[in-house]
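A.B. asks: Task: produce atomic coordinates for the following.
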Amino acid sequence: MNRAVTLDDFVLAGIALAAGLVAAFLSRGLLRWLAKHAKRTRWSGDDVVVDALRSVVPWAAIAGGVEAAAVLLPLTRTIQHHVNQVLTVWLIFVVTIAAARLVAGLVRTVTQSRSGVAGSATIFVNITRILVLAIGFLVVLQTLGISIAPLLTALGVGGLAVALALQDTLANLFAGIHILASKTVQPGDYIRLSSGEEGYVVDINWRQTTVRQLSNNLVVIPNGELARTNMTNFTRPEQKLTILVQAGVGYDSDLDHVERVTAEVINEVMTKVTGAVPEHQPAIRFHTFGDSRIDFTIILGVGEFSDQFRIKHEFIKRLHRRYREEGIRIPSPTRTVALQQGSVVIPQQRGAEPKPGEVDSARLD
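C.D. replies: Below you'll find the model as predicted:
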């Protein structure tokens, strides 16, 4: 110490520390008020900014109070230096955490607001968060006087060894980045793999893709496998799709009448059933003279893949009821089986003596 600590020094240091605490409390209340107003706006980015400020401003106010108290106290130069270093590292740590939260939140907001970008893919969020935290860690080391050049060299050599040991993991990581960058699959898409798995893509992270089936079961697929397999995306390039329903009428039916009645049922389903496409134009195509009927295909429009089951259900019920009202017959295949009378002899095994009441053979006429 340069001189002895007096009561006035403690009072002034206490006032400075109290001022920092009061500033932290007031700033926290102000930011809470801003957060409520930010939720009312359409852009979700202001929510992310306010949330990041709530995690850094109060701590910065407290650090300012502690720094002012340290300045008011007659500390030696060495102690003052250590106090400054601790507060600086503290501020860098808090700012790094807030910056990582801010950048990750903004990345998530941008990807959710833009079409054709991974709305809920955590891979981009995780990568940006790790980068910001790594930069903050290097800044802390530089602040403490630790040279980061040897560390970067060691990380480069060690990174090569880790890359060789984690080939599969890195393959999945880069496969996930490639999938998202090429926009072939995005969260929310309905996909079907050549191996049979199908469902809605829930998330794509650094290692795997999670798919939710219609039964609400989750299927976890490694990104590398997803990039190599043949896949059908029922959401791209357009979410709306058409489905085919097969039907048939008897040879005695008036096909013009059948086509007109079927088109009316299609219009009814397209306008009244949830998930249908109201602007869909009726499409009926006769194509085959069958064994007992004339077969045709009905083309329906649905809003998305899972809507087809409800659309088919309602359409078949209404079409069947309307055909009965109009007297249009839907024949079922018939087949005539002719049985020719004859005899079948069941020989008895050789060497076995017949029991009483048995015969050597049976004849069926």
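A.B. asks: and residue 58, how many neighbours?
C.D. replies: Look at residue 58: counted by other Cβ atoms under 10 Å, it has 21 neighbours. In short, each C-beta sits where N, CA and C put it, glycine included.
A.B. asks: In contact with residue 308: list those residues for me.
C.D. replies: 241, 243, 300, 302 (Cβ atoms under 8 Å, 6 or more residues apart in numbering).
A.B. asks: now it, what's its secondary structure?
C.D. replies: helix (DSSP: H, G, I helix; E, B strand; the rest coil).
A.B. asks: any idea how far it is from residue 315?
C.D. replies: Distance, residue 308 to residue 315, using Cβ to Cβ, to the nearest Å: 10 Å.
A.B. asks: who touches both of those two?
C.D. replies: Joint contacts of residue 308 and residue 315 (Cβ under 8 Å, 6+ apart) are residue 300.
A.B. asks: Distance of residue 77 relative to residue 12?
C.D. replies: For residue 77, the distance to residue 12 (Cβ to Cβ) stands at 20 Å.
A.B. asks: For residue 331, list the residues it contacts.
C.D. replies: 248, 249, 250, 292, 293.
A.B. asks: Lowest pLDDT pick from those residues?
C.D. replies: Of all these, residue 292 has the smallest pLDDT value, namely 87.
A.B. asks: So what's the residue count around that one?
C.D. replies: 12.
A.B. asks: Pop out the phi and psi values for it.
C.D. replies: The phi/psi pair for residue 292 (degrees, to the nearest 10) reads phi -130, psi 0.
A.B. asks: What of residue 100?
C.D. replies: Main-chain torsions, residue 100, degrees, to the nearest 10: phi -60, psi -40.
A.B. asks: Near it, how many residues? Count them for me, please.
C.D. replies: Counted with other Cβ under 10 Å, the neighbours of residue 100 add up to 21.
A.B. asks: now residue 69
C.D. replies: 21.
A.B. asks: Can you check the pLDDT for it?
C.D. replies: For residue 69, pLDDT reads 76.
A.B. asks: Same question for it, what's its three-state structure.
C.D. replies: Per three-state DSSP, the local secondary structure of residue 69 is helix.
A.B. asks: what about burial for the contacts of residue 331, which qualify?
C.D. replies: 248, 249, 293 (16 or more other Cβ atoms under 10 Å).
A.B. asks: what's the closest non-adjacent residue to the first one?
C.D. replies: Spelled out, it's residue 248. residue 293 (3.8 Å; Cβ to Cβ, 6 or more residues apart in numbering).
A.B. asks: Could you tell me how many residues sit around residue 261?
C.D. replies: Neighbours of residue 261 (other Cβ under 10 Å): 19.
A.B. asks: Check what pLDDT it gets.
C.D. replies: Residue 261 carries a pLDDT score of 95 in this model.
A.B. asks: roughly how far apart are it and residue 255?
C.D. replies: For residue 261, the distance to residue 255 equals 11 Å [Cβ to Cβ].
A.B. asks: So which elements touch the helix or strand containing residue 173?
C.D. replies: Using DSSP states H and E, the element containing residue 173 is helix 167-182. Counting contacts by 3 or more Cβ pairs under 8 Å, 6 or more residues apart in numbering; DSSP states H and E, helix 167-182 is packed against helix 122-143, strand 198-204, strand 208-212, helix 223-228.
A.B. asks: quick one, the longest one and strand 208-212 angle?
C.D. replies: If I follow you right, that is helix 122-143. Orientation check (axes from the mean of the first three to the mean of the last three Cα atoms, to 10 degrees): helix 122-143 against strand 208-212 gives 140 degrees.
A.B. asks: Which segments of this structure make up each domain?
C.D. replies: What automatic domain parsing lists as the domains of the chain is 7-165, 176-233, 241-326.
A.B. asks: Now render these as CSV, adding distance to residue 333.
C.D. replies: As requested, the domains of the chain are exported to CSV (distance: least, Cβ to Cβ, whole Å):
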stretch, distance to residue 333
domain 7-165, 48
domain 176-233, 30
domain 241-326, 5
